[in-house]
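# need a structure here:
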Amino acid sequence: MRKFYFWALMAILGVCLTGCEKGQTEFFLSDLQGLWLHDGTQEFRRFTEESAADIRPGYFWGCEWDEGDPRGAVYESDLEYHGNGWFMYKLEGDELLEIEQTDYGWAEIPKVYTMVTLTASQMTYHPKDYKKEKVSFTKQ
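Below you'll find the model as predicted:
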């Protein structure tokens, strides 16, 4: 009889857990690619169509810069090609995978974000496992 109660409880739990509605999990690369402005700042992110497949299959190149940095504004033209400020990215389901680059390729820094919203004009994501740190962008 104990086994029956155990399996009945497992079945009820399974139904409850599968009944929970999740947010959007499919996003389109074409919506991501382009120039984005971090809302309320002068921080930009460009997701290019340039493939990084020769280094990492399935990845593309992107870059970021801050034209409002009080320590000294940085512009896209200031970035050394595929050095500081550049990253490789890949969009898989609701995960945005990034590998930040450094000048002369001395280090690669992986980052994983969870996409919350991605349309042709709006994007919101947060670092994986840190849902409270949402960041929103508007496409330029």
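# show the pLDDT at the residue nearest to Tyr104 when sequence neighbours are not counted.
With sequence-adjacent residues excluded and distances taken as C-beta to C-beta, 6 or more residues apart in numbering, Tyr104 is closest to Gly83, at 6.9 Å. C-beta coordinates here come from the backbone N, C-alpha and C atoms, glycine included. Listed pLDDT for Gly83 reads 92.
# same check on Trp7?
48.
# please name the residues that touch the residue nearest to Tyr104.
Residues near Gly83 by C-beta atoms under 8 Å, 6 or more residues apart in numbering: Gln101, Thr102, Asp103, Tyr104.
# from Gln122, how far off is the last one?
For Tyr104, the distance to Gln122 equals 36 Å [C-beta to C-beta, to the nearest Å].
# now the second one
Shown here: Thr102 relative to Gln122, a distance of 30 Å by C-beta to C-beta.
# picking that back up, PyMOL command for the buried members of the contacts of Gly83?
Those of these that count as buried under 16 or more other C-beta atoms under 10 Å are selected in PyMOL with:
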select buried, resi 101
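# take the contacts of Gly83 and keep only those in helices.
Among the contacts of Gly83, none falls in helices (DSSP state H).
# which of the contacts of Gly83 has the weakest pLDDT?
Tyr104 (76).
# please tell me how far that one sits from Glu80.
Counting by C-beta to C-beta, the gap from Tyr104 to Glu80 is 9 Å.
# kindly report the same for Lys128.
Applying C-beta to C-beta, the value for Lys128 to Glu80 is 28 Å.
# cool, and Gly72?
Distance, Gly72 to Glu80, by C-beta to C-beta: 16 Å.
# buried ones in the strand ranked longest in the chain?
Assignment by DSSP state E gives strand 108-118 as the longest strand of the chain. Buried residues in strand 108-118, counting neighbours by 16+ other C-beta under 10 Å, are found at Tyr113, Thr114, Met115, Val116, Leu118.
# state the mean pLDDT of it.
For strand 108-118, mean pLDDT is 96.
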